[in-house]
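J.: Predicted model and sequence follow; I will ask about them next.
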Amino acid sequence: MYKIWRKVTGHYLIYISVLFFILLIILTVTLLKPAELLTAHQIYNNCKTQAIREPCYMLEFRKLTQNKNLNYITNVLSLLQTIDPQAEKCHYIAHSIARAEVLQNVNGWKEILKTVDVTTCAEGFLHGVIEAKIGSKNITTSPKEISDLCTQVDKGSRLEYGCSHIMGHFILVDSYPSIPNALKTCDEISKSNTQTFKEECYAGVFMEYSDRGNLEAHHITTLPNKTVEFANSYKQTCLSYEGLQGRACWKILGRLYAPVLNANPQDIFKACNQAPNEEYKWYCYLRAAAMMPQTPGFKQENFKDICTQFNDAEKFSICNQFVIDGLLGVSVTYKPMLLSYCKELTSKDQETCYNTIQNYTADSIKKWQ
């Protein structure tokens, strides 16, 4: 009887041990599941009922800055992009994160720019930092003070040009509805800087006039209804400017054509060709080329047609570069789409395409890990 009891008890103990081991594994996996991933799912669940989730995401990430560090937050954003394609266009989300971070620690703004990859989310982190630093200052009455902020970031770099670009947005807020006065302020803050710095400031003015996001946020005007009629009206504005100012305006018009003309390469190429000179036509289409794949409703089969509008091999290659940089500048999650795009190119352009993606994503991903 003792032997039978011992045998039954032995089997029972083995059963209990196995069950305990299984439960331990489940518990361990659950506990080791990255906290960032759990947060990303929580944010998605909080916002998933919204048709347009960006405003909700902006609010959720702003809350997250109150008790999590910036590395944690950027990891969550990266993971959210794998859950929801809407989070791939993250400019305003990054803008919201950076602005909240600076408002909590104004003196730590440079550290924020070192922590994040400012080239991601179309430089949304940089824009958020600058907006928070400027606060309620009127740029048109204190151009030197504001331009000094841009001199504190890396000179001659994308950071500095991004700084001058967002300055252009804020300058128009102070000068609206006078575009000429805004452009004059760009000249004042750009005297000691490069031509690119000045042109980026101009582009910021014209982009704000096109998008009006900051103007609407400051209750100065409403967001425009971006239609063909609006684009045609904007074109008339561009026709009244020459030189760098004209080129900057046509760049932004190309960006506007992408959604207005349903990201159709042929239609956009035709529209850009209405520019008064070859230079403006070129820059108009290049900006549109970078925007087309990001446009809602973009057809994958149109990918191969974006740069084939040019018979010139050099222009074709440059156009491809803009397409790649345009997508990766928003999010590295566009990599699979771009790899498919590379396959459509000639052997020479394929190699350039793959190398650009590899170098760009390798540099960007490091900052997100």
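T.: Structure received. Residues are numbered from 1 along each chain as shown.

J.: going forward, measure contacts and count neighbours with C-alpha atoms only.
T.: Will do.

J.: for the nearest residue to F298 once chain neighbours are set aside, helix, strand, or coil?
T.: Leaving aside its sequence neighbours, F298 sits nearest to A263 (Cα to Cα, 6 or more residues apart in numbering; 5.9 Å). The local conformation at A263, judged by DSSP: H, G, I helix; E, B strand; the rest coil, is coil.

J.: So what's the residue count around A263?
T.: 25 (other Cα atoms under 10 Å).

J.: which ones are touching it?
T.: 257, 292-293, 295, 297-298 (Cα atoms under 8 Å, 6 or more residues apart in numbering).

J.: ok, now E199?
T.: Each residue near E199 by Cα under 8 Å, 6+ apart is listed here: 244-245, 248.

J.: neighbour-wise, which of those residues leads?
T.: Busiest of the contacts of E199 [other Cα under 10 Å] is A248, holding 26 neighbours.

J.: ok, the spatially closest residue to it that is not a sequence neighbour to D305 distance?
T.: Nearest residue to A248, sequence neighbours excluded (Cα to Cα, 6+ apart): A203, at 4.9 Å. Separation of A203 from D305 (Cα to Cα, to the nearest Å) stands at 27 Å.

J.: Compare those two (neighbour count), which wins?
T.: Neighbour totals were compared for A203 and D305, and A203 leads with 28 against 13 (other Cα under 10 Å).

J.: could you redo the contacts of A263 as JSON lines and give each row distance to N105?
T.: Output for the contacts of A263, formatted as JSON lines (distance: Cα to Cα, whole Å):
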{"residue": "Y257", "distance to N105": "39"}
{"residue": "M292", "distance to N105": "37"}
{"residue": "P293", "distance to N105": "37"}
{"residue": "T295", "distance to N105": "35"}
{"residue": "G297", "distance to N105": "40"}
{"residue": "F298", "distance to N105": "40"}
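
J.: Output the residues you listed as TSV; include the columns pLDDT, secondary structure and neighbour count.
T.: Output for the contacts of A263, formatted as TSV (pLDDT from 0 to 100; DSSP: H, G, I helix; E, B strand; the rest coil; neighbours: other Cα atoms under 10 Å):
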residue	pLDDT	secondary structure	neighbour count
Y257	97	helix	30
M292	93	helix	29
P293	90	helix	24
T295	87	coil	14
G297	81	coil	11
F298	86	coil	16
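
J.: which of these lies closest to A94?
T.: Checking the contacts of A263 against A94 by Cα to Cα gives T295 as the nearest, at 19.1 Å.

J.: element containing the residue nearest to R255 when sequence neighbours are not counted, please.
T.: When the adjacent residues along the chain are set aside, R255 lies closest to A288, with 4.7 Å between them (Cα to Cα, 6+ apart). For A288, the element it lies in under DSSP states H and E is helix 278-291.

J.: Could I get the average pLDDT for that helix?
T.: Across helix 278-291, the average pLDDT comes to 96.

J.: buried ones in the very next helix or strand once past that helix?
T.: Per DSSP H and E, the first helix or strand lying C-terminal to helix 278-291 is helix 313-328. For helix 313-328, a neighbour-count test (16 or more other Cα atoms under 10 Å) marks 315-317, 319-328 as buried.
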